[in-house]
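**Q** Any chance you could fold what I've pasted below:
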Amino acid sequence: MEYRKNIKRKSDVDLDNSEIGGVEMADELAYERGGRSGWFKIIITIVVIIVVVFLGWFVLDRFTSLNLPSFSETSYSSNSWYAVFLSNGQVYFGKVKDTSRETLTLANIYYLQVITKPLQSTQQGETAANQQQTQQELSLFKLGNELHGPTDEMVINRDYVLLTEKLKSDSKVVQAINDYLSKKKTK
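**A** This next block holds a predicted model:
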């Protein structure tokens, strides 16, 4: 205990002490006080940064989302025809059977395909180069007649759907589908 009595703290030492000059002692005391408040400043800075980051994340999450309806919130009529545009450029036409947050299920599916047909040659004996001219037509095909024999239902990942459009009953695609269905019934 006596050992502690003989040792003086630096703050108890007089500024006029001959061991440490007055200016040096004042610097030492300022450093000691600054050291404690320095840690306090660092902790406060870290807490402020965390609060700012959290508030920024919250504000961005709340106010920048467009709150667009998801597939599960969008109502699709089971009697209507829809065009589903995919990110790979393909467009499918059909009836939306089911939706969820992750998928859209399409049934009675049709798609467009470009068919290249050669032009008819004239009777005047055109050259071979002219006879190779072709004409391109868009044709509507029913899904299911392909080589791999898919069923007439498709579950599409929502991430690949760019948009869906409801088709009018007098659109050319719906008319072509109705023509196909009427020919199929008469056979």
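
**Q** Residue ranges of each domain in the chain, please.
**A** Annotated domains of the chain cover 2-63, 82-186 [automatic domain parsing].

**Q** Output the below-cut-off pLDDT ranges for the chain.
**A** For the chain, applying pLDDT under 70 flags the ranges 1-36, 62-74, 120-132, 187.

**Q** can you point me to the longest strand in it?
**A** Scanning the chain for the strand with the most residues, using DSSP state E, yields strand 103-118.

**Q** got the residue ranges for the strands in the chain?
**A** Counting by DSSP E, the chain has strands at residues 82-86, 91-99, 103-118, 134-142, 153-157, 161-166.

**Q** hang on, the earlier thing: got the buried residues for the longest strand of the chain?
**A** Thr103, Leu104, Thr105, Leu106, Ile109, Tyr110, Tyr111 (16 or more other Cβ atoms under 10 Å). Where you see a C-beta, it was placed from the backbone N, CA and C, and this is true even at glycine.

**Q** residues in contact with Asn79?
**A** For Asn79, the contacting residues are Lys95, by Cβ atoms under 8 Å, 6 or more residues apart in numbering.

**Q** List phi and psi for it.
**A** Per-residue torsions, Asn79: phi -90, psi -10 (degrees, to the nearest 10).

**Q** And Glu102, by the same measure?
**A** phi -100, psi -20.

**Q** what's the burial count for it?
**A** Other residues near Glu102 number 13, with proximity taken as other Cβ atoms under 10 Å.

**Q** leaving aside the residues next to it on the chain, what's closest to it?
**A** Once flanking residues are discounted, Glu102 sits nearest to Arg158: 5.4 Å by Cβ to Cβ, 6 or more residues apart in numbering.

**Q** Isn't the one you found up against Thr105?
**A** No. With contact taken as Cβ atoms under 8 Å, Arg158 and Thr105 are classed as non-touching, separated by 11.0 Å.

**Q** how close does Phe93 sit to Pro118?
**A** From Phe93 across to Pro118, the span is 28 Å (Cβ to Cβ, to the nearest Å).

**Q** circling back: the residue nearest to Glu102 and Thr186: what is the separation?
**A** Remark: distance between Arg158 and Thr186 (Cβ to Cβ) = 38 Å.
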